[in-house]
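Q: here is my input; please provide its structure:
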Amino acid sequence: MTEPDEAVDAELVDDDHLPATTEPAPAVRPLVDRHTILAPGDPLPTEADQPTYTERDLYVSARTAERLKNKSSPRNTSRTYDNQRDLFRRWCEKEGRVHRPCTTATYVEYIAHLIEAGRAPNAISVAMSAIRTWMPDDKKPGTTEARGMLNEYRKEWNKRVGVKKAPAITDDMIRAMVATCDPNHPIGIRDRAVLLLGRGALNRRSELADLTIGNVTVEADGVALWFTSSKTDQEAKGEETFIPAWDDPDIDPVHATRAWLNTLHQLGVHEGAFLRALTREGRLQSRIRATDRGDHVTGDAINAWVRRRAKLAGIKDWEKITAHGLRRGGAQAIAGAGGDPTHQGRWQEGSAVVKREYLDRASSRLKNPWHKLARPTATEGQETP
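A: The predicted structure is shown next:
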């Protein structure tokens with residue numbers, strides 16, 4: 001306590017110049033949630049433990065951005081998805097809606113718009129997938145309502161339009177088509193290889209188009225094709241499909257493949273794309289204005305080759321023939337002989353398509369009761385009506 005007559009040194013200041021008081025440091029928030037796991041003695045993680053990010057940590061290079069754009073999707077799928085997303089974006093702008101991330105209501109309304117426009121159910125399904133996968137993982141729209149509408153619309157569509165499928169290319173048809181291939185002209189040699197490999201391996205047209213010379217191995221007892229990726233192998237693990245040799249040289253895939261490889265070598269091609277575009281004279285077609293596929297042809301080109309052979313063979317309704325008919329025809333032939341085309345055609349194990357389109361179809365036809373009347377036994381044939 002200070003005595004009354006004791007002087008105390010002090011500095012007199014105005015009220016508005018008082019020294020600033022020190023604010024207490026804000027409490028550091030812990031960063032924990034229901035997934036946090038700590039061992040005994042571990043300190044609670046806090047915001048202070050987090051690194052400070054700069055722009056350098058957020059940007060990727062142009063090459064990486066291009067890879068991300070096409071991640072896990074074949075080029076054709078990426079183009080289709082980009083187109084569907086652009087159509088959705090423009091529709092949202094017209095309707096005054098947010099396109100990304102969109103609400104479930106916007107998603108459902110757009111699907112209803114496509115249905116009212118009369119789009120094919122499969123095309124709508126592609127649009128739904130393209131839009132939904134475009135959204136951030138935690139902000140994807142619900143699909144229950146949209147799927148329900150599409151399922152009902154699909155029933156109406158099938159009643160009104162019917163299900164259109166590529167005609168199967170049967171054994172008789174394949175022989176007739178191969179017979180139109182000139183064995184002395186590069187185009188005929190190439191088309192024959194396409195027909196026999198496509199049917200033997202049950203190829204999708206994109207798989208044929210993507211083959212390289214290194215993917216094709218000719219052996220004494222067959223041809224081995226290595227598919228680096230396919231519709232059911234998006235991780236590109238790769239898979240081999242073997243096509244056995246046939247005794248009949250006209251439809252032997254070994255002879256046809258070897259002839260085409262020899263033709264490629266004569267044209268100066270020893271690596272790269274297996275199937276090449278040719279001029280009418282049988283020379284390599286210039287690819288100066290080619291697409292990003294380089295020397296590889298497109299699936300549409302293979303369709304045109306197959307359809308042309310059907311036309312030359314005089315097959316009825318040849319204009320409806322597509323390369324997919326090789327896959328369907330081969331699968332039907334295998335199923336009809338009691339086999340399972342699943343692995344040969346690289347379908348997923350237990351594929352509903354294989355069961356419905358090939359196995360069940362073959363079984364149903366085999367058990368058809370009319371066979372007993374169409375092919376009576378010798379004893380039955382001797383009976384008097």
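
Q: contacts for stretch 140-152 next, please.
A: Stretch 140-152 has contacts (Cβ atoms under 8 Å, 6 or more residues apart in numbering) with 101-104, 106-108, 111-112, 115, 121, 124-125, 128, 131-132, 135. Where C-beta positions appear, they are placed from N, C-alpha and C, glycine not excepted.

Q: just the C-alphas of that stretch, formatted as CSV.
A: Only the C-alpha atoms of stretch 140-152 are listed here, as CSV (Å, rounded to 0.1, in the frame of the first residue of the first chain):
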residue,chain,number,x,y,z
LYS,A,140,-25.1,-36.4,-57.8
PRO,A,141,-28.9,-36.3,-58.5
GLY,A,142,-31.1,-39.1,-57.4
THR,A,143,-32.1,-41.6,-60.1
THR,A,144,-35.1,-43.5,-58.7
GLU,A,145,-37.7,-41.2,-60.3
ALA,A,146,-35.9,-40.8,-63.6
ARG,A,147,-35.4,-44.6,-63.9
GLY,A,148,-39.0,-45.2,-63.1
MET,A,149,-40.1,-42.9,-65.9
LEU,A,150,-37.7,-44.4,-68.4
ASN,A,151,-38.8,-48.0,-67.6
GLU,A,152,-42.4,-47.1,-68.3
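
Q: tell me which residues of that stretch are tucked away?
A: Residues 140, 141, 143, 146, 149, 150 are the ones in stretch 140-152 that count as buried (16 or more other Cβ atoms under 10 Å).

Q: spatially, which two of these are the most separated?
A: 140 and 149 (17.6 Å; Cβ to Cβ).

Q: wouldn't residue 91 be in contact with residue 109 here?
A: No: the criterion here is Cβ atoms under 8 Å, and residue 91 misses it with residue 109 at 9.2 Å.

Q: and residue 134, what does it touch?
A: When contacts are taken as Cβ under 8 Å, 6+ apart, residue 134 is in contact with 81, 85, 100.

Q: count of residues packed around the residue lying closest to the first one once chain neighbours are set aside?
A: Nearest-residue entry for residue 81: residue 130, 4.0 Å, with adjacent residues in sequence omitted and distances by Cβ to Cβ, 6 or more residues apart in numbering. By the other Cβ atoms under 10 Å criterion, the neighbourhood of residue 130 contains 21 residues.

Q: how about the helices of the stretch 201-350 of the chain, start to end?
A: Using DSSP state H, counting those that start in this stretch, the helices found in the stretch 201-350 of the chain span residues 205-210, 253-266, 299-312, 324-336.

Q: and the ones you listed as TSV, adding distance to residue 199, mean pLDDT and mean neighbour count?
A: Converted to TSV, the helices of the stretch 201-350 of the chain look like this (distance: least, Cβ to Cβ, whole Å; pLDDT from 0 to 100; neighbours: other Cβ atoms under 10 Å):
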stretch	distance to residue 199	mean pLDDT	mean neighbour count
helix 205-210	11	90	23
helix 253-266	8	96	19
helix 299-312	10	94	19
helix 324-336	4	87	23
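
Q: so which of the ones you listed is nearest residue 157?
A: Set against residue 157 and scored by Cβ to Cβ, the helices of the stretch 201-350 of the chain come closest in helix 324-336, at 20.3 Å.

Q: what helices and strands are in contact with the closest one?
A: Applying 3 or more Cβ pairs under 8 Å, 6 or more residues apart in numbering; DSSP states H and E, we find helix 324-336 packed against helix 171-179, helix 186-200, helix 360-366.

Q: drop anything exposed from the contacts of residue 134.
A: Applying 16+ other Cβ under 10 Å to the contacts of residue 134 flags 81, 85 as buried.

Q: looking at the contacts of residue 134, which is nearest residue 41?
A: residue 100 (45.4 Å).

Q: how near is residue 299 to residue 280?
A: 22 Å (Cβ to Cβ, to the nearest Å).

Q: now residue 214
A: 29 Å.

Q: more neighbours, those two?
A: residue 214 (11 against 8).

Q: I figured the more buried one hits residue 261, correct?
A: No: at 11.4 Å, residue 214 does not count as touching residue 261 under the criterion of Cβ under 8 Å.

Q: so where's the chain uncertain?
A: For the chain, the stretches with pLDDT under 70 are 1-28, 69-77, 162-164, 229-236, 287-292, 374-385.

Q: please enumerate the strands of it.
A: Ranges of strands in the chain, per DSSP state E, are 216-219, 222-227, 239-244.

Q: which of these sits most buried?
A: The highest mean neighbour count among these, using mean count of other Cβ atoms under 10 Å, belongs to strand 222-227: a mean of 19.

Q: what sits closest to residue 305 if chain neighbours are left out?
A: residue 191 (5.3 Å).

Q: give the contact list for that neighbour.
A: 181, 305, 306, 308, 309.

Q: against residue 245, how distant is the second one?
A: As for residue 305, its distance to residue 245 is 23 Å (criterion: Cβ to Cβ).

Q: other residues contacting stretch 319-335?
A: Against stretch 319-335 from outside (Cβ under 8 Å, 6+ apart): 165-171, 173-174, 194-195, 198-200, 202-205, 208, 299, 302-303, 305-307, 310-311, 315, 340-341, 344-345, 354, 357-359, 361-362.

Q: distance between that stretch and the chain's centre?
A: Centroid separation for stretch 319-335 versus its chain: 19 Å, with Cα atoms, centre = their mean, to the nearest Å.

Q: same question, stretch 140-149
A: Relative to the chain's own centre, stretch 140-149 is displaced by 22 Å; criterion: Cα atoms, centre = their mean.

Q: how about stretch 329-347?
A: 21 Å.

Q: end-to-end on that stretch?
A: End-to-end distance for stretch 329-347: 15 Å, by Cα to Cα, to the nearest Å.

Q: my guess is the residue nearest to residue 81 contacts residue 80. True?
A: Yes: at 7.1 Å, residue 130 counts as touching residue 80 under the criterion of Cβ under 8 Å.

Q: what sits closest to residue 240 if chain neighbours are left out?
A: residue 226 (5.2 Å).
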